[in-house]
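Asks: take a look and give me a structure for this.
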Amino acid sequence: MTTVSTVYPSQGRQSHLVRRLLLNGKLQLWLGLVFAVLMPTLVSQGGSFWLTADQAQWLTFLLTALAYWWSITTVQRMGRLPGACAYLLSIPATSVCFAIPYLVVLISESEVLNELYLVGYLLTMLYGTVGYWIERHFKVIKLAVVPFGKAPSLCHNHGVDWHSLGTPALGNVGVDGVVADLYDDLPSEWERFLADCTLRRIPVYHATTTYEWLTGRVQLGHLYENRYGSLHPDEGYEVLKRCLDLSTVVITLPVTLPLMAITALAIRLESEGPVLFTQQRMGFQCRPFTVYKFRSMFIGQQGIGYTVDSDDPRITRVGKVIRKYRVDELPQLFNVLKGDMSLIGPRPESMDLANWYQKDVPFFHYRHVVRPGISGWAQVEQGYAAEVDGMNCKLEYDFYYIKNISFWLDLLIVMRTIRTVLTGFGSR
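Replies: As a prediction, this is how the structure comes out:
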């Protein structure tokens, strides 16, 4: 058998190493540190900075370096998630990561050079936005596909340059990785080929994992263990997530309570009936709970069964607005305080729908292994699809979230939810 070492020339290995450095972000991280932190410091303070800098200069330099490192690593971590546009994340992430250390310094009444810190912030934002935009629009990931098992059927489209292998050799083709169905019984020569790829530091990815990474969905009918080797989410993060939920709700109450009061008044003035809509939903560990929402429909109005567009005659004028911008979901903050829900998680379904789906959809109740959320991965990726037609796709997104639940994924969903609130994306 011809091994990778004989078909992957030295020049190819070097170019592959450069691509790997660019792909994992280490090179961008260090170059950006020079561009956004070191260079402006030396230009403004002079080459003798290291010998003559006072406390304020050193604090500004270290604070800028910390904020830069924090912002770029945050964007990199979220940028690896499915469908994430790193260059769109750069501005909000950089703003938050620079603002928090600066506020801490202001509270502690320490002295910093405001102009130099501002320059570092602007250069970091420029570097991240432009750099990741160039990478997204001019860099195409190239993956080789082993022609066995599920790999050929799963590995297509998604903005990747796919290279189908006919023999267990790469030849002169440079790739960013090799995709194979590792659960399939591969011929011995292909197993040796994958082993040689690993020895040469060419990543080998499982086909199903690659599909999930590219689409943000987990195929229905097949559940695989998460990175902890279990179907159960990380219990440590579940505790942290609950603490973050409670603190976020409490901190935002001074803003959300007046908004809820105005919404309640508008609903009361427009139409008769209760301000709140309540319904039994399937919750955490399949326990039923009562969900709260602002009423957005007329009382006693006959509709078409499911809300499919904005022309539904049951929806009030106020209802159209609060649905579009998700204001109708605000009372669910009290569900979060009670422990029925989380800020982020799969949307809870009504008891009737949940029981019906369980009969036809494999592993449907797996979505109840975590608390349901006000916003979720399916909503920011798919929008609020009609309950029947979009349910399979919605479940695939829910399963992906449960399998890959993490702080970074939750943070990405929060940022996309803010975009949803501002734009009305996916409204019904």
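Asks: can you give me the helices in the stretch 1-150 of the chain?
Replies: Counting by DSSP state H, counting those that start in this stretch, one finds helices in the stretch 1-150 of the chain at the ranges 4-7, 10-24, 26-33, 39-45, 49-52, 55-79, 86-108, 114-138.
Asks: adding mean pLDDT, write these out as TSV.
Replies: As requested, those are exported to TSV (pLDDT from 0 to 100):
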stretch	mean pLDDT
helix 4-7	39
helix 10-24	45
helix 26-33	86
helix 39-45	90
helix 49-52	85
helix 55-79	93
helix 86-108	92
helix 114-138	91
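Asks: from these, which stretch is densest packed?
Replies: Among these, ranked by average contacts under mean count of other CB atoms under 10 Å, first place goes to helix 55-79 (a mean of 20). Bear in mind the C-beta positions are built from the backbone N, C-alpha and C, glycine included.
Asks: okay, angle between that one and helix 86-108 too, please.
Replies: Using axes from the mean of the first three to the mean of the last three CA atoms, to 10 degrees, the inter-axis angle of helix 55-79 relative to helix 86-108 is 150 degrees.
Asks: and of the helices of the stretch 1-150 of the chain, who's closest to Thr215?
Replies: helix 55-79 (16.3 Å; CB to CB).
Asks: the closest one - contacts with which helices or strands?
Replies: helix 26-33, helix 39-45, helix 86-108, helix 114-138, helix 407-423 (3 or more CB pairs under 8 Å, 6 or more residues apart in numbering; DSSP states H and E).
Asks: what is the fourth one packed up against?
Replies: Of the remaining helices and strands, those touching helix 114-138 by 3+ CB pairs under 8 Å, 6+ apart are helix 26-33, helix 39-45, helix 55-79, helix 86-108.
Asks: pull the residues that contact it.
Replies: With contact meaning CB atoms under 8 Å, 6 or more residues apart in numbering, helix 114-138 is reached by 22, 28, 32, 35-37, 40-41, 44-45, 60, 63-64, 67-68, 71-72, 75, 79, 85-87, 90-91, 93-95, 98, 102.
Asks: rewinding a little: so which of the helices of the stretch 1-150 of the chain gets nearest Pro288?
Replies: From those, taking CB to CB, the stretch that ends up closest is helix 55-79, at 34.3 Å.
Asks: distance from the chain centre to that closest one, please.
Replies: Taking the mean of its C-alpha atoms, helix 55-79 sits 22 Å from the chain's own mean (CA atoms, centre = their mean, to the nearest Å).
Asks: what does stretch 193-209 give?
Replies: 26 Å.
Asks: now do the buried residues in that stretch.
Replies: 193-194, 196-197, 202, 204-208 (16 or more other CB atoms under 10 Å).
Asks: what about it, start to end distance?
Replies: 20 Å (CA to CA, to the nearest Å).
Asks: got it, and stretch 260-278?
Replies: 16 Å.
Asks: and the longest helix for the protein?
Replies: helix 235-270 (DSSP state H).
Asks: now that helix: mean pLDDT?
Replies: For helix 235-270, mean pLDDT is 94.
Asks: may I see the buried residues of that helix?
Replies: Under the neighbour-count rule (16+ other CB under 10 Å), helix 235-270 has 241, 244-245, 249, 260, 263-264, 266-267 buried.
Asks: of all pairs in these, which one is the farthest apart?
Replies: Greatest spacing in those, by CB to CB: Lys241 and Ala266 (32.8 Å).
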